[in-house]
Structures are given as C-alpha cells and as structure tokens.
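K.L.:
I would like to see how this sequence folds:
(2 chains)
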Amino acid sequence: MATKTLHRRSRTREVLTRLSAYLAILVALILTLFPIYWIAANSFKFDIDIFAVPPEWLPRNPTLKHYEEAFIQRPFLRYALNSFLVAVGTTIVSVVFGTMAGYALARFNYPWQWRKQISFWILSTRMMPPIVSIIPLYLFFNYFEMLNTKSALVIAYTAFNLPFATWMMKSYFQDLPVELEEAAVVDGDTRWGAFLHVALPLARPGLAATAIFCLIISWNEFLLSLIITLTEQSQTLPIGIAGRVTQYNTYWGEISAAGFMACVPIVIFAFIVQKHLVRGLSLGAVKG
Amino acid sequence: MLKSADGTLTAQSQPGGGLERWAERHLRYLMLAPTVSILLALTIFPSLYMFYAAVHRISPNPDLPWEFVGVGNFARLLSDAQFHVALRNTIVFTVVAVTVEFLLGLGLALLLDKYIRRLTFLKTVLMIPMMLPPIAVAITWKLIYEPQFGVLNEIMYRLGLPLQAWAGDVNLAMFSIIVADVWQWTPFIFLLMLAGLASLPVEPYEAAAIDGASSWRQFWDLTLPFLKPVIAIALLLRVMDALRLFDLVFILTGGGPADRTKVLSLYIYQVAYRFADPGYAAAISLFVLFVTIVFSTWFMKRMRLAD
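P.N.:
Model (predicted):
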C-alpha cells in the first residue's frame, strides 16, 4: 500500500508532516462535530440557558422539556411520520423501477446508441433544479386536487430519486460479471429469470445502499414539500422545523430538539452505508 | 472508472406461452419502460407546460383566464433589477463556495490520504455534515450566528474583536451563507478526492522519484492529471447543487438584508408565491433550466462523463 519513498527524507521532516496531519484531522473533527454537538446541547437546555451569555458549553440543567413540547404538544411526531411515509413510498417506487432500468442499461444493447442517449437523458433529469419544476408541479397537483397530499410528495420526489436509483444500480450491475447470468441462461433460465435469480441477489448490497440513499434524499427534502404541503396532514419534518422560525420569534429549544431528532436517523444511515458513500454521492460515477 | 457494459447476452428460444415469449424477447424495452415513462411524465411534461405558462400572465384568481403575453415575460428579464441581483448573487455564491470547498477538500485529502486511508470510521464521521437535512444545518448555523447569544460572537468577544450581526449584516450575510455551505459540502470533495487518490497507480510515482522529481512536480504532472475525472464529477455535482441553493438562505437570511443573499431559487419562489406571478416565475425558471442544461451538457460532453 504505502509506497516507501525512494529518496531519503530527513526524520524531522517526516515527524512534522505526521504531526500536522494529525493536527489537521483533529481540527477537522472539532469543526465537523461542534455544530452538531451544539444543536444537541441546546435541545436539552431550558430557554433561559439557551439565551445565556456567555454560552453554557455543557447543559448544566438538562431537560427534555423541548422534546415534550415538540413531539407531544406540537405535531412534530406527525411531521416525522409524514416524512417517513413519503420517504418509504418514494424509495419503493424508485428502487423497483430504477433497478430494472439500471439493469437494462448495464446489460442490454439497443439500436441507434440508445443506451448511451437514454443514460445521459436520465442523468440530466437528475440535474434539473427542483425550483424549475415547482410551478408546473404546483399547477398540476392543483388541477388534480392533490395539493397537500403525501401522494403528491411521493410523485414529486420520484422525479429526482428515480434517476439516482437508476444510475446507482447501473453502476452496481456493471461491476457484476456477466458470465454468471450467461450460465443461467445456458442452463435454461429465461433472461428475466437470470436477472431475478442471479443478478439481483448479487447486487443486494448495492440495492440496500441505493434504498438508504433514497430514504435520506427524501427525508431531507425541503423546497418541494414547502410548495406542495399546507397542513400537518402532509407537512414533513423540515417544513415543521422551518415553520417555527418566524419573523417575530424563533422557538430555539423546539427546533433544536426537532432538528436534532431529524439528524439522528441520518447519522445511523451514514454508518450503515459508509462503504457506499462515495458511489452514492457521485451518482455511481466514482467507485469508492 | 466508467466501465462500458457488455450487453451481448441474447436469450435462446424459450418454452412457454406466446405472451411470455413476447415479453422475453422485448425484455430490454420492458425493463426500461416504467422508468422512461415516469421520467418523461415528470420532466418533459412540466417543461412543456412551463413554456405555455411563461407566455401568459396568470392571475392569482383561478377563475380568470390566462392572458397571452407572448415573449413579454422574457423581455422583463432584461429590465428586472431584482432578477439581475439574484443572478449575480447566485454566481458569486456558486463560484466562491465551490472554489473554497474544492481547495479545502483537495488540500485535506492530499494531506491526510496516507493517514486516513484505512480509518473508515473517522472518514464517515467527517462525512456526516453533507448527509444531514439542510434545514437542520440551517438552524444549527442560525444558532451559531445569533448576534446576542451565539457562539461565534462569544469567540469574537474573547478574541477582543468587534461583535457582528453575521447573517443579519449587509456585508457579512453572503459570507455567512458560504461558511455554512462550506461546512456542509467540503467533506463531499474531500471524500471524492480520497477515493481518487486511493486509485492512483504506484509505478509512475516510483519512476518520478527515481528521476528526482520534486513532490510539487509530481503533484502537477501526475496526481492532478490522474485525478481529473474525479475532480470533474465532483465539481459538476457541486455546481449543480450550488445553483439550486435554497434551504440555507430561506432559514438564515430570507434573502436579506437588502437582497444581498437573494439567489435565483429564492427569487423564483417569491415571484411565484409572494408576488403571485407564476407566468413570470416560469420564464425565470426556463432561463435557469436553460443555463443548467447548457452548462451540464457542455461539461459532461467535455469530460466524457456520460458513458
């Protein structure tokens, strides 16, 4: 792995590089973790301690008051449930269809360079900024009286999760050796059977990673939900949080509690998919 | 990295009913059809509809008919000072934020590559910011920037520096947005660069070392060219994301103060909903879409990313 540098380097210089690297890691860790710690810490403080000057670095008087406010008195549990349902719905639709399309684009030939053209087009739909589609989507959902429904959110989120799932799965299927499927076909399985019984089980880690990424993307989405949802019947967690930052007052304790709770599942997911992070974040283009 | 697929599999004639055989023969199209039709419905239809909306004046009252105005809405783009401000802010944000993230991310990756390569856990911890909901990131930074009891002003005070309003200050608002974005997205560049560095071949470096090439030369002549495809992807994805910036601005500044952080996404949102002028908002959206498509197509073709 680490190639020994062939030219001689003085010992002190190496020690210095090593020290500065460790120092950089330390600083990066502090800068990364402090804001997350800070929102967590504030969610456990009484209002009076949140406003303390100088700030209270450790909550002296920890309380669950804001969690109770947010999740019991106010409808944040409802928002979280909406977020969860919409994320699951979007993920199922995107992963099922995206896997089939990804497989087709990884394995089959099409006339007139369609494979390349279609891949490129699918990728370009992912590049479309969501703000661009809000007006037609709004008018469309308005026309079909679907505004303020979770189904509308699932449809809107599918627009950018499906291209993502397709590209991810295409990249995973391209990594699998085609010979196993060929063998299955020679043994009398159908082409569809080879996909279902051979390729799909082998791609299971990729499938799981793709699904988790879809869950994260949908869970985090804000803009489309802001436009489509109106009441707590369909509003998602980010909308609920943003709604407590008003012109007149910001409910710091409440949004800290809700914001921190919104982060917890994401952090867990990040560790589950840590081996797939690079591929997931680069739409399958860079294999980590 | 981008391996072209080997798609030479063809099914032999299979037993089974006529429909089954038909499905098997057309499998390549059937497997692609749901995705293609869904995406057609969700992207082509809205785009066409937007053209239609953009040439009309749409009243907020749904009972009033749309009034045809031709290129009127597009002509307004030329004289709309707010649009120019938003365009400028978007460009400034994109260029500065992505440049800083790129330099920081690449620098850190080069410095830490050798020390962090096997520390998956540590890498994952450093990656957390970019996975978090942008709204949660926004309120976190709002808390840090808070002028009265925020942490940042506490640090300024301890250092004996003047206290600032940060996101509320005319001159610092954009800076504050950029810092929060850099916090969230530098890890992305860092992660991709680490992946790129891990896949570098060893031999050219050994040869270069024998030739006595300085580490600076090795970086310019070997590392950078090898990393080029990864850098291209990282920058493309970051630029696309930066152009759609919305959540951070919505929570941290609302576009203010004095429109200093009003970016295109926010302006479209305001025109469509607060000013209730969806026709004009559609015209601005089309402009953004046009720029995005031109830029990303040019970039992907140039870097050969679409294989």
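K.L.:
mind checking pLDDT for A:Phe140?
P.N.:
Looking at A:Phe140, its pLDDT is 83.
K.L.:
so it touches B:Tyr49, yeah?
P.N.:
Yes - using Cβ atoms under 8 Å, A:Phe140 is in contact with B:Tyr49, at 7.3 Å. (Each C-beta comes from the backbone N, C-alpha and C, glycine too.)
K.L.:
between the two, who's got more neighbours?
P.N.:
A:Phe140 (20 against 17; other Cβ atoms under 10 Å in any protein chain shown).
K.L.:
who's in contact with that one?
P.N.:
B:45-46, B:49 (Cβ atoms under 8 Å, 6 or more residues apart in numbering or on different chains).
K.L.:
can we see that at 7 Å?
P.N.:
Taking Cβ atoms under 7 Å, 6 or more residues apart in numbering or on different chains as the contact definition, A:Phe140 lies against nothing.
K.L.:
B:Phe83 too?
P.N.:
Contacts of B:Phe83 (Cβ under 7 Å, 6+ apart): B:77, B:267, B:284.
K.L.:
any idea of the pLDDT on the last one?
P.N.:
Same thing as B:Ile284. Confidence score, pLDDT, at B:Ile284: 92.
K.L.:
just give the nearest non-adjacent residue to it, would you?
P.N.:
Leaving aside its sequence neighbours, B:Ile284 sits nearest to B:Ile268 (Cβ to Cβ, 6 or more residues apart in numbering or on different chains; 5.2 Å).
K.L.:
next one: the helix or strand containing the one you found to chain centre, how far?
P.N.:
Using DSSP states H and E, B:Ile268 sits in helix B:264-269. Remark: helix B:264-269 is offset 15 Å from the chain centroid, using Cα atoms, centre = their mean, to the nearest Å.
K.L.:
what residues does it touch?
P.N.:
With Cβ under 7 Å, 6+ apart, helix B:264-269 has contacts from A:129, A:131, B:82-83, B:86-87, B:90, B:244-246, B:249-250, B:255, B:281, B:284-285, B:288.
K.L.:
from the residues you listed, list just the buried residues.
P.N.:
By neighbour count, with 16 or more other Cβ atoms under 10 Å in any protein chain shown, these hold A:129, A:131, B:83, B:86-87, B:90, B:244-246, B:249-250, B:255, B:281, B:284-285, B:288 as buried.
K.L.:
which of the residues you listed fall in helices?
P.N.:
Counted as lying in helices by DSSP state H, out of the buried ones among the contacts of helix B:264-269, are A:131, B:83, B:86-87, B:90, B:249-250, B:281, B:284-285, B:288.
K.L.:
out of those residues, which one has the lowest pLDDT?
P.N.:
Among those, A:Ile131 has the lowest pLDDT, at 80.
K.L.:
per-residue pLDDT of the residue nearest the centre of chain A, please?
P.N.:
With distances taken as Cα atoms, centre = their mean, A:Ile216 lies nearest the centre of chain A, 2.7 Å away. What the model reports as pLDDT for A:Ile216 is 92.
K.L.:
so it lies in a helix, does it not?
P.N.:
Yes - assigned with DSSP: H, G, I helix; E, B strand; the rest coil, A:Ile216 falls within a helix.
K.L.:
who are the contact partners of it?
P.N.:
For A:Ile216, counting by Cβ under 7 Å, 6+ apart, the contacting residues are A:266, A:269, B:131.
K.L.:
before we move on, what about A:Lys65?
P.N.:
For A:Lys65, the contacting residues are A:Phe46, by Cβ under 7 Å, 6+ apart.
K.L.:
do I have it right that B:Val263 meets B:Phe93?
P.N.:
Yes - the pair B:Val263 / B:Phe93 is scored as a contact, 6.2 Å apart, by Cβ atoms under 7 Å.
K.L.:
need the overlap of contacts for those two.
P.N.:
B:Leu245.
K.L.:
who has more neighbours, those two?
P.N.:
Ranked by neighbour count (other Cβ under 10 Å), B:Val263 and B:Phe93 place B:Val263 first, with 31 against 22.
K.L.:
contact partners for the more buried one?
P.N.:
B:86, B:89-90, B:93, B:245, B:249.
K.L.:
what do you get for A:Ile239?
P.N.:
A:79, A:225-226, A:229.
K.L.:
10 Å instead?
P.N.:
A:Ile239 makes contacts with A:79, A:82-83, A:221-222, A:225-226, A:228-230, A:232, B:135, as judged by Cβ atoms under 10 Å, 6 or more residues apart in numbering or on different chains.
K.L.:
which SSE is the nearest residue to it once chain neighbours are set aside in?
P.N.:
Closest residue in space to A:Ile239, ignoring its immediate chain neighbours: A:Ser225 at 5.2 Å, by Cβ to Cβ, 6+ apart. Secondary structure here is read from DSSP H and E; on that basis A:Ser225 sits in helix A:223-228.
K.L.:
hmm, back to that, average pLDDT for the helix holding B:Ile268?
P.N.:
93.
K.L.:
stretch A:87-107 now?
P.N.:
95.
K.L.:
same deal with stretch A:29-49?
P.N.:
92.
K.L.:
what comes up buried for that stretch?
P.N.:
Across stretch A:29-49, burial judged by 16+ other Cβ under 10 Å covers A:32, A:35-36, A:38-46, A:49.
K.L.:
anything in that stretch near chain B?
P.N.:
Yes - shown here: stretch A:29-49 in contact with chain B (Cβ under 10 Å from any Cβ of the partner chain) through A:29, A:31-42, A:49.
K.L.:
same question, stretch A:83-96
P.N.:
Yes - judged by Cβ under 10 Å from any Cβ, stretch A:83-96 and chain B are in contact via A:83, A:93-94, A:96.
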